[in-house]
Each structure stands twice: as structure tokens, then as C-alpha cells.
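>>> Just a sequence and a predicted model for now, questions to come.
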Amino acid sequence: MKMTFRWFGEGNDPISLQDIKQIPGMKGIVTSLHHTTVGEVWKYDEIIAVKNNVEKHGLDLDVIESVNIHEDIKLGVPSRDMYIDNYIKTLEQLSRAGIKTVCYNFMPVFDWTRSDLAKKLQDGSTALSYDEKAVLKMNPVNMFENIAGDKDIPELPGWEVSRLKDKLKPLFEQYSDIDNEKLWKNLEYFLKAVIPAAEKLDVKMAIHPDDPPWNIFGLPRIITGFDNLNRMMKLVDNPYNGITLCTGSLGANPQNDLPAAIRHFGKMGRIHFAHVRNVKHTGERVFHEAPHITSEGSIDIYEVIKAFSDISYAGPIRPDHGRMIWGETGRPGYGLYDRALGSTYLNGLWEGITKTKC
Ligand SMILES: [Mn+2]
């Protein structure tokens, strides 16, 4: 495996590339062109500028997370063809720049959802948390304000709050007749157009599981577990149609057997990217994000890394969300310190497991 770190770009992330390079064992960067609007074609010069900057700091630009999917594609309205064309054109530019892995998700309207962005844990650190009862009490149209509360929180990755703000109400109306099966159809349409192009361009597509992996606010969610991941891969049976194995998102549902999923999809050659973090379940659909180490959460991270070792996983992996510790402030889930601790722990597990293998 190759350790990587998510970074939100120059001027957009309080963490510098030099800070990231100083984390022991750190090899690569996962980023996006965060100033672009969803649906537009990315410019080659802008991609190359980011790549050159990352490489100047002794790191590789391994993965784009994400090239977001326009809502019209998820809704299956006629303008989706134009947005799919644009998507393929963006993949062409990424391929030309030598970037060969793209993470994306197919969640309607919202990216990940939480009820609190800074839940105080017993040790004084804060973490993102989810309590279904609290989430369902919120009006989704005001969800950002609800979960941010009075905290001074910058824009959330994947949410595009400013773009969505005035559009949430009409979007919810548009989704009112899209159930899970219709969303499957729209995903199939997208994959049938994009995967053959991705194969030609040698760009691996890695869908991220829904977070949390169940329907909320009446919006459909379909990338939720083992059977659905299998179904997604069969829609277009091509190695370029793969997944981002995220232990945090899938692990929010304790029914998901993560080591079994890693072995199964890994042997198929379909895991193109991995996010590893721990979650602590404290009730039915109640959890908070925990330190990466097994003893602090509900997921056995040793077994997760052992499964990656069993499939000889050579792809990029990154510590997913971390807590805020040691007084750090910044983007919820994406501070420097706890993710740095997470990455060294994951590297340590990997070294221990692979060196003791017979
Ligand atoms: Mn993830």
C-alpha cells in the first residue's frame, strides 16, 4: 500500500504540503481542483500546476478526490448527457496529466452527513458524530447551519454549501420521485457511458460508499454494503469500474464485514483506493468517529490492514477523518495531527503484518 493524505489545495487548506511531507512514511497527495464548479470541464494547465506543486514537495499526486457528479446525472434528466460528456473530457485531461485514479460518489444532494461536527469526547478532543434521531429532527434545507451551530466552520468538503443553498428546496422536489431503483438506473447509465472511456484513458474509477450507508431525508442511497457493491460492479463488469473501500462509511453499519469485503473485492482487482478510519458505535445508528487504533473504536483496524496485506494491496490508502486534538482548528475531520497519527499507525500495522508473514 502507498500512504497518501487528503489536501484541499494552496490557499484553501491551512495545512501546507511541507507539513504533510514531514509525516513519516507519507508518499502521496489526494486532492481536487476545489475552485471548479461541478459539471465543468477541468483545464489541463490547472491540473498540471497542482501536480507540479505537489511533486516539488517530494510527494506524488496519486488520486483525485473527487470529480463530483452533477445532480442532473443522478436525477437522470436530459441534460445529463452534456454533463457526462464533460465528465469524460475531465478524465481525458487527468489522464493526459498522468493522474490515473478518480474517487467519486453517487449520493443525491448531500455528501456525508453528521449531526455534530465537533462532539466533545472524554479526553477533550472533538470528533464528527452521527445520531439518527438528531439528524431526523433537522430540516435538511438548513442542515449546514444546524450541524455547524455557532462554531466558525469553513465550507465542508463535498457539500458545496454556497452552491446548494438556494437550490436545496427545488432539488428535494426533483428527487421526490427518485427511489433507490431509479437511482440504480441512473448510475447504470452513467457507468455505461464513462467506464469504457475510463478504460481507454487508463483511469480507474473508484466509487465511494454512501455515508452513512442508508437512506436519509427520503433521499435514496444505494452504495451501502457488500451486495450493493457487487451489484454496482456487475452493471459494467470492467476492472476500471471499481471502489474506494472506506472503512468509516461502510463501518457505520455494523453488519458490514469489512475484512471479508476487502478480500472479496481485492481478489477481483476492484479496490482502487482505500480510506481507513475507526468509528465507535454507541447505539442503534449512533456513532462518533474515533482514533484509528483498534482499541478506541468498534472496527478491528488490525484485521482491516491484514486483509489488505492478504490481497497484496499496492494502491493508495489514506487515513480518513481524524479528530481535532492539541488545540488544532480547521476543517472538521481534516486536521493535521490526528490524521498524521493515524497514518503512522496504519504504516506500523502494515510493516508488522507484512514482515511477519510466512
Ligand atoms: Mn471515506
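Happy to help now that I have it.

>>> any chance you could map the helices in this structure?
Assignment of helices within the chain using DSSP state H yields the ranges 17-21, 44-56, 71-75, 80-96, 132-137, 143-148, 161-164, 168-175, 180-201, 226-235, 247-251, 258-267, 301-310, 337-355.

>>> Distance check, the nearest residue to G76 once chain neighbours are set aside against N238.
Taking CB to CB, 6 or more residues apart in numbering as the measure, G76 lies nearest to N186, with 4.0 Å between them; neighbours along the chain are not counted. C-beta here means a position set from N, CA and C on the backbone, and glycine is covered the same way. Relative to N238, N186 is positioned 19 Å away (CB to CB, to the nearest Å).

>>> same question, I84
16 Å.

>>> Between the two, which has more neighbouring residues?
The residue with the greater number of neighbours, taking I84 and N238 and applying other CB atoms under 10 Å, is I84; the counts read 20 against 15.

>>> pLDDT score for that one?
Per-residue confidence at I84 stands at 98 (pLDDT).

>>> so what's it up against?
If you count contacts by CB atoms under 8 Å, 6 or more residues apart in numbering, I84 has them with 73, 190, 193-194.

>>> By neighbours, which of the residues you listed wins?
In the contacts of I84, the most neighbours by other CB under 10 Å go to I73, 26 neighbours.

>>> ok, that residue touching M82?
No: with contacts counted by CB atoms under 8 Å, I73 stays clear of M82, the gap being 9.8 Å.

>>> State which one residue of the stretch 101-250 of the chain is found closest to the ion.
When you check the stretch 101-250 of the chain against the ion by CB to the ion, the closest residue turns out to be C246, at 3.3 Å.

>>> My guess is that residue contacts R318. True?
No: under the criterion of CB under 8 Å, C246 is not in contact with R318, lying 9.9 Å apart.

>>> list the residues that contact both of those two?
The contact lists of C246 and R318 share 274-275, where a contact means CB under 8 Å, 6+ apart.

>>> So which residue is smack in the middle of this structure?
What sits nearest the mean C-alpha location of the chain, by CA atoms, centre = their mean, is H208, with 5.3 Å.

>>> Enumerate every residue touching that one.
Applying CB under 8 Å, 6+ apart, one finds that H208 lies in contact with 65-66, 103-105, 223, 243-244, 246, 249, 275.

>>> Inside strands: which ones of the residues you listed?
Among the contacts of H208, the ones falling in strands (DSSP state E) are 65, 103-104, 243-244, 246, 275.

>>> From N180, how far out is the residue nearest to the centre of the chain?
Spatial separation of H208 from N180 under the definition CB to CB is 18 Å.

>>> Then P316?
Taking CB to CB, one finds P316 at 30 Å from N180.

>>> same question, K234
Distance, K234 to N180, using CB to CB: 16 Å.

>>> Same question for V194.
With distances taken as CB to CB, V194 is found 21 Å from N180.

>>> Then H264?
The span separating H264 from N180 equals 22 Å under the rule CB to CB.

>>> R270 too?
Taken as CB to CB, the spacing of R270 relative to N180 amounts to 22 Å.

>>> Who has more neighbours out of the two?
Each of R270 and N180 has its neighbours counted (other CB under 10 Å); R270 has more, 22 against 13.

>>> My read is that V102 contacts S66, right?
Yes: the criterion here is CB under 8 Å, and V102 meets it with S66 at 7.3 Å.
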